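J.: sharing a model prediction with you, sequence too.
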Amino acid sequence: MRTKLHQVGRRLLQALPSVFGVVVISFALTRALPGDPAIYFAGAMADKESIEQVRIALGLDRSWLEQFFIYVGNLFKGDMGLSLSTGQPVLQELLTRLPASLELTFIGLGLAVLLAVPLGILAATHPGSWIDHVCRVLVTAGVSLPTFFTGLFLIYIFYYLLGWAPSPLGRLDILYLSPPTVTGFYTIDSLLARDGETFISSLKQLILPAFTLGLFALAPIARMTRGGMLGALSSDYVRTARANGLARATVLLTYAFRNAALPLLTTLGMVFSFLLGANVLVEKVFSWPGIGSFAIEALVASDYAAVQGFVLTMALLFVVVNLTIDVILTLTDPRVGLDD
Amino acid sequence: MDKTPFLNVDELSVEFRTRNGIVQALEKVSLHVEKGEVLGVVGESGSGKSVTAYTAIGLLDAAGEASHGTVTFDGMPLTDAREADLRDLRGREISMIFQNPRAALNPIRPVGKQIEDVLLRHVQATRQTARDKAVAMLKKVKIVEPEQRYWSYPFELSGGMCQRVMIAIALACDPRLLIADEPTTGLDVTTQKATMDLIRELTREQNMSVVLITHDLGMAAAYCDRLVVMQKGRVVESAPVNDLFAAPQHPYTKKLIAASPGPNSTLEELTAVPDEMETANMAQPNVAPLPKRPKTAEPEKLLEVIDLVKEFPIKSDNVSLLPWRNNGQEEQAFRAVDGISFSMMRGESLGLVGESGCGKSTTSNIITRLMDPTSGDVIFDHRNITTHSAAKFARLPERMKIQMVFQDPTESLNPRYSARQSIAQPLRHLKGLRNRKEIATKVDALAELVGLPGNLLDRFPHQLSGGQKARVGIARSIAVDPLLLVLDEPTSALDVSVQAVVLQLLDQLKRDLGMSYIFVSHDLNVVRLLCERVIVMNRGKIIETGTADEVLNNPEEAYTKTLVEAIPHFEPRTEIERQVSAL
């Protein structure tokens, strides 16, 4: 166990260089964007002098290296700068919007896992059966349909034609007030506030976008589960388990699935990262006030502090997700850490 | 006999549905096992030994189906039993041990838990007593420190230990029949002996019946009461061990016995003709397409290995948190090869023998310059070849002079290259031949030399048999006229009858082309057939050197003695020799 803790600690330290790289890249990328923020910020009527003043005020006249150190220094203070378009601190903007995106992503991923894993297992235990074909169709659909199409399609059917879903406008019906912020996740916050109605309403708003994301995430998860299970089921240790007459459930879950789950975990990490990216489109379609739609607006407006903040946040999320997956793998797979 | 035997397989036929139609895997196989009897089922790969066992306990995969015949166990019909009943039976009444024990254990579950799973499943223990019983089982199979090993994962145990755990799992519920499917394939001879002795001891204790499936006649002779010989899904002969070896009736049995190298057999005696050769109409090569090297009158030193050392860094258990701060500890190293020196003459063939982990493969990898030594020199053909790094050596002309034949004929061929392309590869890249016609002629000549029918040259590895693939590997390695050929267990993946032919081919090539061989093997009997001199290694050091016959028949060192004694062989050799000469 001690060596495991060491491995985890070591893995945490290994994340530091990636964090530094992320900071550098987020800084460099936004400087490389076309468009001059000074001109934009100074307004349409500004002359050369006032643009120059704005430039100095923003610190854009200094060398890149200087700007970088100022940037890093500010980051340590939790200061990501002001958003040029909204006038609010970027950190605050991100903090209010990130939970919305995360809530959507988590629920979408959760739905996908709940559907895809049993589907994959069934497809693997009954290869060539109808369930295998259903699995294949769903996987193909999930891979080939772009999220904005699925989103619009679902809205068309469930909101426009059937009228079952609420209007796809944000996280809550306009009749409700957002619950007091604790976690920023409306579903959890409304439960904490013992506000059943708001909870139901927020859940209703979540269903369609979460399904849209879920269908997208379903494909890789179902495929990996099926493939992993097929591999595990034909392995020597499952044959041993069967030769020892172990119960079907033990063979399937304790012997086959636990082994198949290891590569699946790695896939989950990747899928989560993809979902954060796919969010941007889904948020647009469902008017979801997440950081994706915020980032697009910032990008269009050359709002570099906001873009920088977005890139940094996303990259840090990637690092955290990968780190979490690695730590889980280190703790669950006894063989990890042996080779490196 | 009015009473049906304990396990009775009666006219069992099994069919497999494949893409190319139905394949008959078993054809009316009948065999039986009595209580307390050890039955050996022998035969080469594809003979249906394992399929028989799998069908008996209902482990056949979905594509296979028993189309005819019955299997009864203690009067109970098994062929059409319900899966649930079979599941109750398996592990409790009939247990199985498999080959490759490390893969046959769940890699991410502590071995103790895996024993517990079986105990709990068959209600041989409660949650409270399972742990103690599992530890007791580990103790029973002679695993030291069973309490600690309970929490070990398979990857932390040696192959022999894993097989002991497998035995513990199989015997946990005191079954009445044990089926061991090649239980020691891939284990060292000494480990093999220890494992088989353990199985014998534990099963005799309980008067258990055992079915031992093996391709190794020596092992079957040493541990079985009665033998069944299978070939192509049929039982061709069944007799008590002594009768079978003393007077084999079926030609296939005779062939198998003849092809198994014993402590006294010579290469010429392994006159078996494998089936692939019968149809391929393989004639002895009557042309000499490669120029024969003139034999030098006086022997000349070809290779000298001086004080060779290879170290591998060890991962210490307490990994320091910061990789650059090593807690002041010296980097520990494991010496795989620990200062060995030897030399060999031109035209000589040298056997390198030892158990896994003794450093023989590391040594051969350094000699073939695929690996860099930590220190020491290898003088080859009057030049020190260790002065260049392994990466650089690949581009030197000396690369052509030292070639190798690898262990697994399948794994060592590119699956997307036809046999022709594989053989042409060194001609193109080492010899720099560009002319297609010239290459084609050369490949044809090489194929003829190794006895590979020309019509097989355009096939891909998966379309060739094991013996044919071995021939492709040999043709590829001699394509550039090497002076030294390093053979790393070239026949260990082959059936005995194929092995016999490949060994004869290697011997023929050596005499015709005047090459020198370094033959790396764990099988002393095989080494003796091909090599004049033998080096025995253990833990990176040379234990003993001498002529093959001396080392095998009069070993001086204790280690060599245990190694030689661990080789199972069939005793009534004099009888067989008569049989063989009568053939």
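T.: Thanks, I have it.
J.: quick one: the strands in chain A?
T.: Assigned strands in chain A: none (criterion: DSSP state E).
J.: how about the helices in it?
T.: A:2-32, A:37-42, A:48-58, A:64-76, A:90-125, A:130-144, A:147-154, A:186-192, A:196-233, A:236-243, A:248-249, A:258-285, A:291-300, A:304-332 (DSSP state H).
J.: list the buried ones in the fifth one?
T.: This means helix A:90-125. Across helix A:90-125, burial judged by 16 or more other CB atoms under 10 Å in any protein chain shown covers A:90-91, A:93-94, A:97-109, A:111-113, A:115-117, A:119-125. C-beta coordinates here come from the backbone N, C-alpha and C atoms, glycine included.
J.: if I pick A:L169, what's in contact with it?
T.: Each residue near A:L169 by CB atoms under 8 Å, 6 or more residues apart in numbering or on different chains is listed here: A:286-287.
J.: ah, wrong one, I meant A:Y159
T.: A:165-168, A:208.
J.: what about those, which one has the most neighbours?
T.: Within those, neighbour counts (other CB atoms under 10 Å in any protein chain shown) peak at A:L208, which reaches 23 neighbours.
J.: ok, now how distant is that one from B:C224?
T.: A:L208 sits 69 Å away from B:C224, going by CB to CB, to the nearest Å.
J.: middle-most residue in chain A, spatially?
T.: A:L276 (2.9 Å; CA atoms, centre = their mean).
J.: show me the shaky parts of chain B.
T.: Residue ranges of chain B with pLDDT under 70: B:1-3, B:269, B:271-298, B:314-332, B:571-583.
J.: no wait, the stretch 201-340 of chain A
T.: Looking at the stretch 201-340 of chain A by pLDDT under 70, you get A:337-340.
J.: is B:L457 in contact with B:R420, as I believe?
T.: Yes: B:L457 is within contact range of B:R420, at 4.3 Å (criterion: CB atoms under 8 Å).
J.: shared neighbours of these two, anything?
T.: In contact with both B:L457 and B:R420: B:V443, using CB under 8 Å, 6+ apart.
J.: chain center to stretch A:322-340, what's the gap?
T.: 21 Å (CA atoms, centre = their mean, to the nearest Å).
J.: render the CA-only coordinates of that stretch in CSV, please.
T.: Output of stretch A:322-340 as CSV, limited to C-alpha atoms (Å, rounded to 0.1, in the frame of the first residue of the first chain):
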residue,chain,number,x,y,z
ASN,A,322,-6.5,12.3,-16.7
LEU,A,323,-4.9,12.5,-13.3
THR,A,324,-8.0,11.1,-11.7
ILE,A,325,-8.2,8.2,-14.1
ASP,A,326,-4.6,7.4,-13.6
VAL,A,327,-4.9,7.5,-9.9
ILE,A,328,-8.0,5.2,-10.0
LEU,A,329,-6.1,2.8,-12.4
THR,A,330,-3.1,2.8,-10.1
LEU,A,331,-5.3,1.9,-7.1
THR,A,332,-7.3,-0.7,-8.9
ASP,A,333,-4.8,-2.4,-11.2
PRO,A,334,-2.1,-4.1,-9.2
ARG,A,335,0.2,-4.3,-12.3
VAL,A,336,0.2,-0.5,-12.9
GLY,A,337,3.5,1.2,-12.0
LEU,A,338,5.5,-2.0,-12.5
ASP,A,339,6.8,-1.1,-15.9
ASP,A,340,7.6,2.5,-15.6
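J.: show me which residues of it are buried.
T.: A:322-323, A:325-326, A:328-330, A:333-334, A:336-337.
J.: list of residues touching it?
T.: By CB under 8 Å, 6+ apart, stretch A:322-340 touches A:3-4, A:7-8, A:11-12, A:15, A:262, A:265-266, A:268-269, A:273, B:107-108, B:153, B:155-156, B:315.
J.: just the buried ones from those, in ChimeraX syntax?
T.: Here is the ChimeraX selection string for the buried members of the contacts of stretch A:322-340, based on 16+ other CB under 10 Å:
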select /A:7,8,11,15,262,265,268,269,273 /B:107,108,153
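J.: right, and A:L152 touches A:V285 too?
T.: Yes: A:L152 is within contact range of A:V285, at 6.1 Å (criterion: CB under 8 Å).
J.: the more surrounded of the two?
T.: Comparing A:L152 with A:V285 by other CB under 10 Å, the one with more neighbours is A:V285, at 20 against 16.
J.: which of the contacts of A:Y159 sit farthest apart?
T.: A:S167 and A:L208 (10.4 Å; CB to CB).
J.: and chain A, which residues reach chain B?
T.: A:2-3, A:6-7, A:9-10, A:13, A:235-237, A:239-248, A:250, A:254-255, A:258-259, A:262, A:332-335, A:338 (CB under 8 Å from any CB of the partner chain).
J.: what subset of these is buried?
T.: Here, 16+ other CB under 10 Å leaves A:6-7, A:10, A:235-237, A:239-246, A:254-255, A:258-259, A:262, A:333-334 buried among the residues of chain A next to chain B.
J.: between the buried residues of stretch A:322-340, which is closest to chain B?
T.: A:P334 (4.5 Å; CB to the nearest CB).
J.: look up phi and psi at that closest one.
T.: phi -60, psi -20 (degrees, to the nearest 10).
J.: so B:V305, which state does it fall into?
T.: strand (DSSP: H, G, I helix; E, B strand; the rest coil).
J.: wait, A:D195 touches A:P179, no?
T.: Yes: at 5.8 Å, A:D195 and A:P179 qualify as touching, with contact defined as CB under 8 Å.
J.: which of these two has more neighbours?
T.: A:P179 (23 against 18).
J.: tell me the contacts of the more buried one?
T.: A:P179 neighbours (CB under 8 Å, 6+ apart): A:186, A:189-190, A:192-193, A:195, A:198.
J.: go ahead and flag the most central residue of chain B.
T.: Note: chain B centre (CA atoms, centre = their mean) maps to B:S492, 4.1 Å.
J.: ok, and the closest non-adjacent residue to it?
T.: Residue nearest to B:S492 in three dimensions, not counting chain neighbours: B:Q407, with 6.2 Å by CB to CB, 6 or more residues apart in numbering or on different chains.
J.: in this structure that neighbour contacts B:L487, no?
T.: No: at 9.0 Å, B:Q407 does not count as touching B:L487 under the criterion of CB under 8 Å.
J.: those two: who's more crowded?
T.: Using other CB under 10 Å as the criterion, B:Q407 and B:L487 rank with B:L487 on top: 26 against 18.
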